[in-house]
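Asks: Here's a sequence, model it:
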Amino acid sequence: MRATHPTRRNELLERATLVLNRSWRPVHVTTVRRALCMVFREAARIVCPESLSTFTFEEWIEQPVPDPARAIRSPSIAIAVPEVVLLARYDRIPCHEAPFTRRNLFLRDDYTCQYCGRRCTTDHLSVDHVLPRSRGGSTSWENCVLACVGCNARKADRTLKETGLHLLRPPVRPRWTPYLNLRPSQQMDSWARFAPEQKRRSASSS
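Replies: You can find the predicted model right below:
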């Protein structure tokens, strides 16, 4: 059996895996690499999202690989990339608020200018204070949005009324979710079965 190319294998190992506690509630997201280590140490079991069957590491490597493009290969075996794992011990659901950080702001606004709707790379986006700090605006979830270079230059140190700009949506403090550190494109469709509220949000936004 031909070994997976090292670059491709590393990409697969860094993909996201949903972690459930013993009550089958999502608690956080980890990498495939860490998830497989947890399963190998018997700290978790791999979940098949379709059947909800769980597998030990030894059982999982015996399962057929449904998608060869999503398999980690060695000279002797091929392992399907796990999408969901179930902890062997209970892990409480975090209840803290999402911390206000630059990274989390980029994730909340999905790398999109909140004035013109343009998706940009990080070097073409900046954090804009809706109510400028010179007018008493705070640096907070409710007063900060992403703005592209053009919209940020147009707005400058003025209010929305003064510039005629409009927000795509009001800036709000996001609730903590296990997907907090992921962009929407990194989330797996199969996870919606374990987080119905996530499924409802996806349906309402489509």
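Asks: only C-alpha atoms for contact and neighbour calcs from this point on.
Replies: Noted.
Asks: per the record, what domains does this structure have?
Replies: According to automatic domain parsing, the chain comprises the domains 6-94, 102-163.
Asks: Throw those domains into a markdown table and include mean neighbour count, mean pLDDT and distance to Pro171, thanks.
Replies: Shown next, in a markdown table, are these (neighbours: other C-alpha atoms under 10 Å; pLDDT from 0 to 100; distance: least, C-alpha to C-alpha, whole Å):
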| stretch | mean neighbour count | mean pLDDT | distance to Pro171 |
| --- | --- | --- | --- |
| domain 6-94 | 17 | 89 | 23 |
| domain 102-163 | 17 | 94 | 5 |
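Asks: Can you lay out those as CSV showing distance to Arg173?
Replies: Below are these laid out as CSV (distance: least, C-alpha to C-alpha, whole Å):
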stretch, distance to Arg173
domain 6-94, 16
domain 102-163, 5
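Asks: The residue of the chain most remote from its centre in helix, strand or coil?
Replies: Within the chain, Glu162 marks the point farthest from the mean C-alpha position, 35.8 Å out by C-alpha atoms, centre = their mean. Under DSSP: H, G, I helix; E, B strand; the rest coil, the three-state class of Glu162 is helix.
Asks: How about the most centrally placed residue in the chain: what's its closest non-neighbour residue?
Replies: When C-alpha atoms, centre = their mean is applied to the chain, the residue found nearest the centroid is Leu182 (1.8 Å). Nearest residue to Leu182, sequence neighbours excluded (C-alpha to C-alpha, 6 or more residues apart in numbering): Leu107, at 6.9 Å.
Asks: Phi, psi for Ala71 please.
Replies: Reported as degrees, to the nearest 10, the phi and psi values for Ala71 are phi -120, psi 140.
Asks: partner residues bridging it?
Replies: Ala80 (DSSP bridges).
Asks: Verify the stated contact: it with Ile79.
Replies: Yes - with contact defined as C-alpha atoms under 8 Å, Ala71 counts as touching Ile79 (5.3 Å).
Asks: thinking again about what came up before, same for the helix or strand containing the residue nearest to Leu182, what does it pack against?
Replies: For Leu107, the host element (DSSP states H and E) is helix 102-108. Judged by 3 or more C-alpha pairs under 8 Å, 6 or more residues apart in numbering; DSSP states H and E, helix 102-108 is in contact with strand 144-148.
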